[in-house]
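**Student:** Can you look at this prediction? I've put the sequence above it.
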Amino acid sequence: MTVWIASTNRENWEVIREKNLWGVPKRNKNSIERSNPKDKILIFVKQEVVRQEKTGKVAGTGAGECEDTGDEVIQSAITGAFEIISEPFEDESLVFKKPPTMPGEEFFPYRVKLKPVEIFEEPLDFKSLIPKLEFITNKKQWTGHLRTAMRTIPDADYEYIMKAAKTPRG
């Protein structure tokens, strides 16, 4: 069994949660083709900035910092864990939303079906996990480790995240 972490935005997180489906863009076909049924996959949602009403815009900034503009910053988080239950397949139906920062027309055609292991009622703040995650080797420039649609992570990181999700927060 392989453990994956998948990077997405909050809009597509809702698609994942509702449809039990994960999809990647064409450029990440090789990654998803390495996945197998019974693999585990954690969902990482990127930090997003919600612009104030005056602009009427919502913009994702990735996992960087935001100026003090009064905009709301929603921090990066792990939102749930799933098990992959299908072989990778191609489907061109419009299910996922292309992030505004992604060039071209993209609809994440390479997909796998999922089964929830645990949906975190309260998303798990990602930055607080960084010091103990083995796959984050550069703790200061950690966003570089999550710039691809999906990547493998050590079993120990999966276990640590699942344990942290069960620990009371607040």
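**Tutor:** The structure has been received and is ready for your questions.
**Student:** Asn28 - nearest residue in space that isn't next to it in sequence?
**Tutor:** Ala149 (4.1 Å; C-beta to C-beta, 6 or more residues apart in numbering). Placement of C-beta: from N, CA and C, glycine included.
**Student:** since we're on that neighbour, how many residues are nearby?
**Tutor:** 20 (other C-beta atoms under 10 Å).
**Student:** same for the strand of greatest length in the chain, what does it pack against?
**Tutor:** If you go by DSSP state E, the chain has its longest strand at strand 110-125. Here strand 110-125 touches helix 10-19, strand 21-24, helix 29-33, strand 40-45, strand 77-84, strand 89-90, helix 155-166, going by 3 or more C-beta pairs under 8 Å, 6 or more residues apart in numbering; DSSP states H and E.
**Student:** From Ser76, how far out is Ile130?
**Tutor:** 10 Å (C-beta to C-beta, to the nearest Å).
**Student:** And the two? Which one has more around it.
**Tutor:** Ser76 (23 against 15).
**Student:** got a pLDDT number for the more buried one?
**Tutor:** For Ser76, the model assigns a pLDDT of 95.
**Student:** sorry, back to before: identify the residues contacting the helix or strand following the longest strand of the chain?
**Tutor:** Toward the C-terminus, strand 110-125 is succeeded by strand 150-153 as the next helix or strand (DSSP states H and E). For strand 150-153, contacts defined as C-beta atoms under 8 Å, 6 or more residues apart in numbering pick out 2-7, 22, 24, 28, 31-32, 35, 41-42, 133-135, 145.
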